[in-house]
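Asks: next comes the sequence, and after it the predicted model I'd like to discuss.
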Amino acid sequence: LKLQELPEAAPTGEVPRACTVIVDRRLVDVVAPGARISVLAVHALFESSKGGGGSKKTGSSSSSSSKGGGGSSLRRPYLRVVGITPDDPLNASGALSSSTPFGRVGGKPR
């Protein structure tokens, strides 16, 4: 998803800021484009080898020297969404949004 700050909250004369967040499993396709939502997200790192030796997602800050390979790696931060709740009970299409309450996030995967 690409999140954008509310246009009315942006400073006068400036374009609203935006960021991309990663959603998975039951959080995919639960909001309509243009809907106003709040998200609960975890800051994580996407780590990829410079030499093309694969990639992995990690929540820890382990250094590449501790892996024994000694090669350099590229770490890119991203936000992984763990909960979505609508700010407005009606989404942009006028229908009730089927969001995931924060209380059910820790449940069994589908």
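Replies: Happy to help now that I have it.

Asks: those strands in the chain, which residues are they?
Replies: Along the chain, counting by DSSP state E, strands occupy 2-4, 18-22, 37-49, 55-58, 73-86.

Asks: mean pLDDT for the ones you listed: which is lowest?
Replies: Of all the strands of the chain, mean pLDDT reaches its minimum on strand 55-58 (a mean of 54).

Asks: need the strands of the chain in TSV (columns: mean neighbour count).
Replies: Every C-beta, even on glycine, is put in place using the N, C-alpha and C of the backbone. Converted to TSV, these look like this (neighbours: other Cβ atoms under 10 Å):
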stretch	mean neighbour count
strand 2-4	12
strand 18-22	12
strand 37-49	15
strand 55-58	11
strand 73-86	16
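
Asks: need those in CSV (columns: distance to Pro11).
Replies: Shown next, in CSV, are those (distance: least, Cβ to Cβ, whole Å):
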stretch, distance to Pro11
strand 2-4, 14
strand 18-22, 15
strand 37-49, 21
strand 55-58, 34
strand 73-86, 23
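
Asks: between those, which gets nearest to Thr12?
Replies: Between Thr12 and these, the shortest gap by Cβ to Cβ is with strand 2-4, which sits at 16.7 Å.

Asks: tell me what that closest one is packed against?
Replies: Applying 3 or more Cβ pairs under 8 Å, 6 or more residues apart in numbering; DSSP states H and E, one finds that strand 2-4 contacts strand 18-22.
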